[in-house]
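# I would like the atomic coordinates for the input below:
(2 chains)
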Protein chains: 2
Amino acid sequence: MTLKSNKSRSFKKINFKEKFSKFSEHWQPKVVANLNDYEIKLVKLKDDFIWHHHEETDEAFIVLKGEIHIEFEDHTISLGEGEMLVVPKGVRHKPYADQEAHVMLIEPKDVRNTGNIEDDFTAPNNKWV
Amino acid sequence: MTLKSNKSRSFKKINFKEKFSKFSEHWQPKVVANLNDYEIKLVKLKDDFIWHHHEETDEAFIVLKGEIHIEFEDHTISLGEGEMLVVPKGVRHKPYADQEAHVMLIEPKDVRNTGNIEDDFTAPNNKWV
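Next comes the predicted model:
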């Protein structure tokens, strides 16, 4: 049972509302749990993100509150509370939200939030909340 | 952009309520999306599951509706709507729910739901909803 102590950080229940109450910035994902070599993150979205893609990984968006839109080259998918989408790797997309929305992201560790782009929206990795 | 057509199954939005309306059995996880070599599954829980552990993987439980309890050797963690827990690999646990609860599971493909045990609760893998 040594794994238990090694992983004690992950071995606590997580309450999303409580976690979201602890930060206010937009587009800065916060890790709440590790799952093997994946991370479960929470992020607040508002206004426009940038066009980007992830060369090496799919990315799951799960909407916990509000509504987001993910623009693709030929269409836009809107997601409300209780809806999710996996954006396949390599597919260019631009998320945006008219009002602040709360979202869970699932992706491998150390994925850059802006994918192939590095700019002011690039958020530091491994920030826990 | 060939990835898009190869992965069209994953490239649709998923509405959890709609997916849960399509099945009624308990403890039989249904895949709703692939995320690289991981699966996002929905499952209805009611009454007792069996004691088991997963030798090779952590397992994420995210409660979408109702309340579940996960019993460990020395304590029990209760999770309500909007709460989650990652059970670390190797840790024996027994989930149960007094009333039907709706849960999202995230884990690698081809994980046996009953972990190290094979019995009547062992559900077939790769069942989509």
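# I'd like to know which helix or strand in chain A has the lowest mean pLDDT.
Taking all helices and strands of chain A together, the one with the lowest average confidence (mean pLDDT, DSSP states H and E) is helix A:2-6, at a mean of 45.
# List the contacts of the nearest residue to A:Tyr38 once chain neighbours are set aside.
Closest residue to A:Tyr38 in three dimensions, ignoring its sequence neighbours and counting by C-beta to C-beta, 6 or more residues apart in numbering or on different chains: A:Pro108, at 5.5 Å. The C-beta positions use only the backbone N, C-alpha and C, and glycine is treated the same way. Residues near A:Pro108 by C-beta atoms under 8 Å, 6 or more residues apart in numbering or on different chains: A:Asp37, A:Tyr38, A:Glu39, A:Glu56, A:Thr57, B:Asn36.
# so who does the most centrally placed residue in chain A touch?
Per C-alpha atoms, centre = their mean, the C-alpha nearest to the average position across chain A is that of A:Leu105, at 3.0 Å. Contacts here follow C-beta under 8 Å, 6+ apart; on that basis A:Leu105 touches A:Pro29, A:Glu39, A:Ile40, A:Lys41, A:Leu42, A:Val43, A:Glu59, A:Ala60, A:Phe61, A:Ile62.
# From those residues, pick the one nearest chain B.
Relative to chain B, the closest of those is A:Ala60; by C-beta to the nearest C-beta it sits at 5.1 Å.
# which residues of chain A fall in strands?
Ranges of strands in chain A, per DSSP state E, are A:14-15, A:30-35, A:38-48, A:59-65, A:68-71, A:76-79, A:83-87, A:94-108.
# circling back to that earlier point, so what pLDDT did the residue nearest to the centre of chain A get?
Here the pLDDT value assigned to A:Leu105 is 97.
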